[in-house]
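A.B. asks: Quick one, what's the 3D model for this:
(one chain, ligands or ions: 2)
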Amino acid sequence: MPYRHNPVYLFYLRKVKKLHLPILQECIFLCGGFEIKEEIWIEKYRPFKLDDVVGQKETVERLKSYIKTRNLPHLLFSGPPGVGKTATSVSIARELFGDSWRENFTELNASDERGIDVVRTKIKNFAKTTPIGGADFKIIFLDEADALTSDAQSALRRTMERYTNNCRFILSCNYSSKIIEPIQSRCAVYRFRPLSDEAVAGRVRFVAQNEGLDIADDGVDAITYVAQGDMRKAINALQAAALIEDTIHKDAIYKITATARPEQVRDLIEAALGGSFSAARKHLDSLLLEQGLSGEDVVGQIYRSIFDLDIPEKRMVELIDVIGEIDFRLTEGANERIQLESLLAHFVLSGKESK
Ligand SMILES: Nc1ncnc2c1ncn2[C@@H]1O[C@H](COP(=O)(O)OP(=O)(O)OP(=O)(O)O)[C@@H](O)[C@H]1O
Ligand SMILES: [Mg+2]
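C.D. replies: Ligands and ions are numbered 1, 2, ... in the order given. Sure thing, here's the model as predicted:
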């Protein structure tokens, strides 16, 4: 079956966060229908030991002490996507239980099963059974715990207490504020940060080397820019680029991830602040129409570029205020084009006022 028609691959593309599906498919189409030979790199390079988890040094060090004492409290991992929460949980289980880790570790995705029933049935049933292979306890890993309804969370707190003897919970979430207070107080809370550019770059080079890929320095920089601390995004971008280029340069990365080059965004801002609305509008057209960026992407990139501008703090603050407003309106579903032009208009006016 041609690569681009492989349903598993298409499913993967959809799951690949933030990668621009139409563009990726187009690239693969251009390459012709070659067969899928490789596995998905985010899985191939999933860390299996705590030492393989990069960029979360403090957290990892503290977690290692639990492994040493072979005692684990309930844990709550919170942080943005793709920074190693699931990878760390699996590594803990592997290090604690060795070969019998699969029998003593279960993973439930709370967003598939958000209701109270899952706590009453699946979780309780697993928690009740005794650990296998001489382990002191089992681990229930509850991914996306912030998607559990508050009823389900309330039911969970009782379960957590009742089965503490032979079961520990690791909850993972993107927003700890969505986890009810009583559960937070039963857990040791670990906050995972977005990974540093160095950590992402290091891992990307490691994967590239293992796969025998050539990647230029500007390719690595582009990946760290696009990933914004999300290792999943970084590795996916690398794998997608490897499909279309022998030596990976920044252009391929920006193209497949539908990201504007930082210089393009800077040109747009400079045109607007320089007072030329029509020039800025042309840059905007090129981003939206030619490169297929969404309005939110453009606002997000303008926000990131603004800190590099050499303007007085007061003006910067005013501009950030407007960006915040436009970003909010876009998420509420306002007309993208009008909002972006309104943003440019503010920039133009701000530029004129300062003259
Ligand atoms: N700190 C890290 N060190 C090494 N690889 C990482 C790290 N973080 C993420 N990865 C890579 O990204 C993939 C996804 O990471 P993981 O599933 O742990 O993310 P997560 O934090 O659980 O994200 P989500 O909130 O979306 O569930 C891993 O399989 C691994 O390849
Ligand atoms: Mg996860």
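A.B. asks: What residue spans form the domains of this structure?
C.D. replies: 3-45+196-256, 56-191, 262-353 (automatic domain parsing).
A.B. asks: does the longest one come close to ligand 1?
C.D. replies: Yes: Domain 56-191 comes into contact with ligand 1 when judged by CB under 6 Å from any ligand atom, the residues involved being Gln56, Pro81, Gly82, Val83, Gly84, Lys85, Thr86, Ala87, Asp143, Ser172, Asn174. (Glycine included, C-beta is placed from N, CA and C.)
A.B. asks: count of residues packed around the closest residue to the fifth one other than its chain neighbours?
C.D. replies: The shortest distance from Gly84 to any non-neighbouring residue, by CB to CB, 6 or more residues apart in numbering, is to Val53 (4.9 Å). With neighbours defined by other CB atoms under 10 Å, the count for Val53 comes to 24.
A.B. asks: With His283 instead?
C.D. replies: Count around His283 with other CB under 10 Å applied: 22.
A.B. asks: outside of the strand or helix carrying it, which residues touch it?
C.D. replies: Assigning secondary structure by DSSP states H and E places His283 in helix 277-285. For helix 277-285, the surrounding residues in contact (CB atoms under 8 Å, 6 or more residues apart in numbering) are 264, 267-269, 271-272, 298, 340-341, 344-345, 347-348.
A.B. asks: Let's see the PyMOL selection covering just the buried ones among those residues.
C.D. replies: Under the burial definition 16 or more other CB atoms under 10 Å, those of the contacts of helix 277-285 that qualify are selected in PyMOL by:
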select buried, resi 264+267+268+269+271+272+298+340+344+347+348
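A.B. asks: In the contacts of helix 277-285, find the pair that's most separated.
C.D. replies: Greatest spatial distance among the contacts of helix 277-285 (CB to CB): Gln264 and Ala345, at 19.6 Å.
A.B. asks: Skip ahead from the helix or strand encompassing Ala93 and say which helix or strand is next.
C.D. replies: Using DSSP H and E, the element containing Ala93 is helix 85-97. On the C-terminal side of helix 85-97, the closest following helix or strand by DSSP H and E is helix 101-104.
A.B. asks: which residues sit against that following helix?
C.D. replies: Looking at what lies outside helix 101-104 - CB under 8 Å, 6+ apart - the contacts are Ala93, Arg94, Leu96, Phe97, Pro131, Ile132, Gly133, Ala135, Phe137, Lys138, Ile139.
A.B. asks: out of the residues of domain 56-191 next to ligand 1, which are buried?
C.D. replies: Gln56, Pro81, Gly82, Val83, Gly84, Lys85, Thr86, Ala87, Asp143, Ser172.
A.B. asks: near ligand 2, which of those residues show up?
C.D. replies: Among these, the residues that sit close to ligand 2 (CB under 5 Å from the ion) are Lys85, Thr86.
A.B. asks: how much space between Gln339 and Val298?
C.D. replies: Distance, Gln339 to Val298, by CB to CB, to the nearest Å: 10 Å.
A.B. asks: All set, thanks.
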